[in-house]
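Chemist: Only the shape, not the letters, is given here:
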């Protein structure tokens with residue numbers, strides 16, 4: 001199963017968003033500021049670029065009906081060949097609301113282990129495959145432990161997100177003011193040339 005919170009560092013993710021904001025504002029022309037106040041533009045950009053933490057719906061966790069499965073094994077002892085044994089697949093499902101991509105972001109604080117699962121739409125699936133005859137009693141304890149680790153990583157991400165979102169409005173406003181000042185200054189200089197601007 002795939003590890004979560006392991007695709008991209010939050011620092012890189014935040015820098016990417018900051019660059020997107022910078023590029024957006026740098027593409028604004030004079031008419032953008034003539035038709036909108038800096039406050040309005042700031043609100044629009046904050047709403048678009050603020051990060052939202054996914055929220056796990058712990059009271060809505062459910063499971064699929066157990067199904068038969070073939071569990072594949074490969075190893076050196078078998079000269080690289082794979083074998084399969086009969087088993088049972090148990091799928092436990094954690095619904096959530098919010099941006100699923102955040103389950104791939106590695107926070108600035110972390111534990112020595114990563115949680116695991118499969119993201120599908122607005123659900124996080126945790127799958128266990130147990131060979132026939134093997135004890136399956138540890139599944140619930142393992143699931144609870146994994147869920148606890150997921151919640152801990154969301155706590156770590158919440159701190160990073162709150163820091164980012166807290167700086168978003170003043171940062172955007174300052175960038176907009178710099179852009180407007182540049183455009184105004186460009187026009188002032190162009191007007192000194194004495195030719196009509198078309």
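Modeler: Happy to help now that I have it. Nothing here was measured: the structure is a model prediction, and the numbers come from that model. Residues are numbered from 1 along each chain as shown.
Chemist: Next, please give the residue ranges for the helices of this protein.
Modeler: Assigned by DSSP state H, the chain shows helices spanning 10-26, 30-35, 38-49, 139-191.
Chemist: Determine the longest strand present in the protein.
Modeler: Criterion DSSP state E: the longest strand present in the chain is strand 82-97.
Chemist: got a list of contacts for stretch 191-198?
Modeler: Residues from elsewhere that reach stretch 191-198 (CB atoms under 8 Å, 6 or more residues apart in numbering): 187, 190. All C-beta atoms are positioned from the backbone trio N, CA, C, and that covers glycine.
Chemist: Distance across that stretch, terminal residue to terminal residue?
Modeler: End-to-end span of stretch 191-198 (CA to CA, to the nearest Å): 12 Å.
Chemist: Okay, buried residues for the longest strand of the chain please.
Modeler: 87, 88, 89, 90, 91, 92, 93, 94, 95, 96 (16 or more other CB atoms under 10 Å).
Chemist: That strand pairs with which strands, and in what direction?
Modeler: strand 55-56 (antiparallel), strand 62-63 (antiparallel), strand 67-74 (antiparallel), strand 123-131 (antiparallel) (DSSP bridges).
Chemist: among those, which is nearest residue 156?
Modeler: strand 55-56 (14.2 Å; CB to CB).
Chemist: Name the residues of the helix or strand of the chain with the lowest mean pLDDT that are buried.
Modeler: Across the helices and strands of the chain, mean confidence by mean pLDDT, DSSP states H and E is lowest for strand 67-74: a mean of 87. Neighbour counts over strand 67-74 (16+ other CB under 10 Å) mark 69, 71 as buried.
Chemist: ok, and what's touching it?
Modeler: 80, 81, 82, 83, 84, 85, 86, 87, 88, 89, 129, 131.
Chemist: Which single one of those is nearest to residue 61?
Modeler: Nearest to residue 61 among the contacts of strand 67-74 is residue 89, at 17.3 Å by CB to CB.
Chemist: how close does the residue positioned nearest the centre of the chain get to residue 167?
Modeler: With distances taken as CA atoms, centre = their mean, residue 102 lies nearest the centre of the chain, 1.7 Å away. Look at residue 102 and residue 167: by CB to CB, to the nearest Å, they are 18 Å apart.
Chemist: now do residue 129
Modeler: From residue 129 to residue 167 the distance is 45 Å (CB to CB).
Chemist: more crowded one of those two?
Modeler: residue 129 (17 against 12; other CB atoms under 10 Å).
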